[in-house]
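Participant: Okay, structure incoming, though there's no sequence with it:
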């Protein structure tokens, strides 16, 4: 059974149960009221009978009977008796005993008596007169009240059925309205897959349970997306960063084995491979630190880094390995620019941005400018490419976003994403600026130490 049907059923059962209880209370209250009213009528009948027969001494019995039948409405199955001190029926012309002596004595003792005998209601009073002590008993069937109760019961049954149907329909409508956000939530959840892990369900401003479910679900999706990105990031980062040293090691080994060489040449080849192996070890350490940063959101081990010296080292490596030109413009004079960072991760940032500069400018010169403001070191890395449009500037730092395939280049779309993550780890920020000449410039701002 669906939730809306269950809610409608429970609400209908509760409402109809309360309605049934109210109708029962009304019915039995009305029944008791009619019963009490009929007892009062019977009591009045006994009092009128006493006045007519016992007080009106000058009027003949026939005249009294005529007045009684003319002005007192005959009750259904009415029986009235007046008993003298010997418990004998008298005055009204019907000498049938009808009630037992025990009942008459009980009235005489209690002065008044009311009770129900099957469908009949009985009232008795003790009346003391100058002619003696008398007991008057009257009995009748309240057929009018019975008919009213039957009609009331039919009306109540009809009302109960109609209200139950209306409540059921209204409760289904209300339940459907209440669960509409949940239905929408389920529809949105079905849209989530591996290809759109960034999709999030709509969060309402209300503080109801469905809103809390949506918020908790989105939080769970954020964690799942981070875990999914971490998996792909680590693979892409490893492929992106380890490709170059592995290639150099293979080339050095093939070159050393291509022909017989002296021991010095072999030592140089081994030293070159050892250098690349050490660099791979540092890269792997940096990747693991980056992965740890993504998962546990803690800082990796930091140390003081001279940015100018690091850029000179990177300049020499690009010149020696790929014969590409990096121009460094140091506007810091004699000051030594030190920042608190992890040197391996920081080099990965510069290498990734410089690599993109060469890739999208067809290996033209890349320029690095070092400046500082009051508290920060500013490194501007610009290339000779076509620049990045304002719309793309918000996209380039997203994981797996790349224009490489459009331009016939290779790339995983992880370099700038990783660079931004690392710079944020070092409490800095990275910005993009496109000049009027359409050259791209990445501005890295790091706090000076």
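Facilitator: Structure received. Everything numeric in this text was worked out from a predicted model, so none of it was measured.
Participant: how about the strands in the stretch 201-350 of the chain?
Facilitator: Listed in chain order, the strands of the stretch 201-350 of the chain (DSSP state E, counting those that start in this stretch) span 303-306, 326-330, 338-341.
Participant: Can you lay out those strands as JSON lines showing mean pLDDT and mean neighbour count?
Facilitator: For glycine as for every other residue, the C-beta is placed from the backbone atoms N, C-alpha and C. Supplementary listing: the strands of the stretch 201-350 of the chain in JSON lines, determined by pLDDT from 0 to 100; neighbours: other Cβ atoms under 10 Å:
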{"stretch": "strand 303-306", "mean pLDDT": "88", "mean neighbour count": "14"}
{"stretch": "strand 326-330", "mean pLDDT": "91", "mean neighbour count": "15"}
{"stretch": "strand 338-341", "mean pLDDT": "88", "mean neighbour count": "20"}
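Participant: Is it correct that residue 132 is in contact with residue 84?
Facilitator: Yes. Using Cβ atoms under 8 Å, residue 132 is in contact with residue 84, at 5.9 Å.
Participant: This protein: helices as residue ranges?
Facilitator: Using DSSP state H, the helices found in the chain span residues 3-50, 61-71, 101-110, 143-178, 180-189, 209-257, 263-296, 307-322, 343-359, 390-393, 415-425.
Participant: any chance of the ones you listed in a markdown table, plus mean neighbour count, mean pLDDT and distance to residue 439?
Facilitator: A markdown table is the format used below for the helices of the chain (neighbours: other Cβ atoms under 10 Å; pLDDT from 0 to 100; distance: least, Cβ to Cβ, whole Å):
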| stretch | mean neighbour count | mean pLDDT | distance to residue 439 |
| --- | --- | --- | --- |
| helix 3-50 | 15 | 85 | 60 |
| helix 61-71 | 12 | 58 | 120 |
| helix 101-110 | 15 | 88 | 118 |
| helix 143-178 | 14 | 88 | 58 |
| helix 180-189 | 14 | 78 | 43 |
| helix 209-257 | 15 | 73 | 24 |
| helix 263-296 | 15 | 70 | 29 |
| helix 307-322 | 16 | 89 | 19 |
| helix 343-359 | 22 | 85 | 10 |
| helix 390-393 | 11 | 72 | 14 |
| helix 415-425 | 21 | 81 | 17 |
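Participant: With respect to residue 384, which of those helices lies nearest?
Facilitator: Among these, the nearest to residue 384 by Cβ to Cβ is helix 343-359 (8.1 Å).
Participant: Who are the packing partners of the closest one?
Facilitator: When contacts are defined as 3 or more Cβ pairs under 8 Å, 6 or more residues apart in numbering; DSSP states H and E, helix 343-359 packs onto helix 263-296, strand 303-306, helix 307-322, strand 366-372, strand 376-382, helix 415-425, strand 440-447.
Participant: Adding distance to residue 169, write those out as a markdown table.
Facilitator: Below are those laid out as a markdown table (distance: least, Cβ to Cβ, whole Å):
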| stretch | distance to residue 169 |
| --- | --- |
| helix 263-296 | 53 |
| strand 303-306 | 73 |
| helix 307-322 | 74 |
| strand 366-372 | 73 |
| strand 376-382 | 68 |
| helix 415-425 | 55 |
| strand 440-447 | 65 |
